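Trainee: sequence-free structure coming up:
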């Protein structure tokens, strides 16, 4: 059973566009929701993360929107650039960080 | 963010040999380290969870005798692929979560590309 469901699987946007990647979860015990960015041949890098006590978090061009009642969270990339082309994974964690569940990933391509 | 170093980044070995991959947390102590395997264009597949000083917990379907994990200290975990075969060729990634502070954060190594000939 997939603990975290991520969509879309792939996404293509023009430079300057705002790609949105969505994730949904079922387990209300999750209390930490990070997003990771992965370039080919590299390990994932923590991009931004949110906890359930806030509905939005912004860091630079990256914003997480969190809807606790709907058990959904999403990543928005403002003014996307070709350098943002990568695979993005959402995740959810509980139990003080001893368990992490990852989405299936979204391959983002930003066209110049 | 915190730094996790993984070594080697690439390794090529002959079938039947064993390969060791190291994962080090450089600026924090890691109570828990995770090992993942990733196939091309796919998500991260958790292989095992290791806690310092205790035996690793393997995910269903992962052969514990083939993938030996040792978490000898709060900053080092190793994955040894024993008697490697071509089907073990993959991208292996470790990650670590801090002992205290920044609860819940998870940091990844750069990954190790294993090719078994």
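Mentor: Good, I have the coordinates. Because the structure is a prediction, the values reported are computed rather than measured.
Trainee: what does chain A put close to chain B?
Mentor: Within chain A, the positions near chain B by Cβ under 8 Å from any Cβ of the partner chain are A:31-32, A:34, A:36, A:41-46, A:49, A:51, A:89, A:91, A:93, A:96-100, A:102-105, A:107. Yep, even glycine has a C-beta here, placed from its N, CA and C like the rest.
Trainee: and residue B:106, how many neighbours does it have?
Mentor: 26 (other Cβ atoms under 10 Å in any protein chain shown).
Trainee: Look up how far residue B:66 lies from it.
Mentor: 25 Å (Cβ to Cβ, to the nearest Å).
Trainee: right, and the helix or strand after the lowest-mean-pLDDT helix or strand in chain A?
Mentor: Every helix and strand of chain A was ranked by mean pLDDT, DSSP states H and E. The lowest is strand A:99-102, at a mean of 87. With elements assigned by DSSP states H and E, the helix or strand that comes after strand A:99-102 is strand A:106-111.
Trainee: so who does residue A:73 touch?
Mentor: The contact partners of residue A:73, by Cβ atoms under 8 Å, 6 or more residues apart in numbering or on different chains, come to A:22, A:23, A:25, A:33, A:50, A:64, A:65, A:66, A:67, A:90.
Trainee: Quick check: pLDDT value at it.
Mentor: For residue A:73, the pLDDT comes out at 98.
Trainee: Any idea what it is bridged to?
Mentor: residue A:23, residue A:66 (DSSP bridges).
Trainee: Generate a PyMOL selection restricted to the buried subset of the residues of chain A next to chain B.
Mentor: Provided next is the PyMOL selection string for whichever of the residues of chain A next to chain B are buried by 16 or more other Cβ atoms under 10 Å in any protein chain shown:
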select buried, chain A and resi 31+32+34+36+42+43+44+46+49+89+91+93+97+99+100+102+103+104+105
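Trainee: Just give me the neighbour total for the nearest residue to residue B:57 once chain neighbours are set aside.
Mentor: Leaving aside its chain neighbours, residue B:57 sits nearest to residue B:49 (4.7 Å; criterion: Cβ to Cβ, 6 or more residues apart in numbering or on different chains). Residue B:49 is flanked by 18 other residues according to other Cβ under 10 Å.
Trainee: mind checking which helix or strand residue B:49 is in?
Mentor: Assigned by DSSP H and E, residue B:49 falls within strand B:44-51.
Trainee: Residues contacting that strand, please?
Mentor: With contact meaning Cβ under 8 Å, 6+ apart, strand B:44-51 is reached by A:44, A:89, A:98-100, A:102, B:31-39, B:56-59, B:62, B:64, B:67, B:69-71, B:77, B:79, B:92-93.
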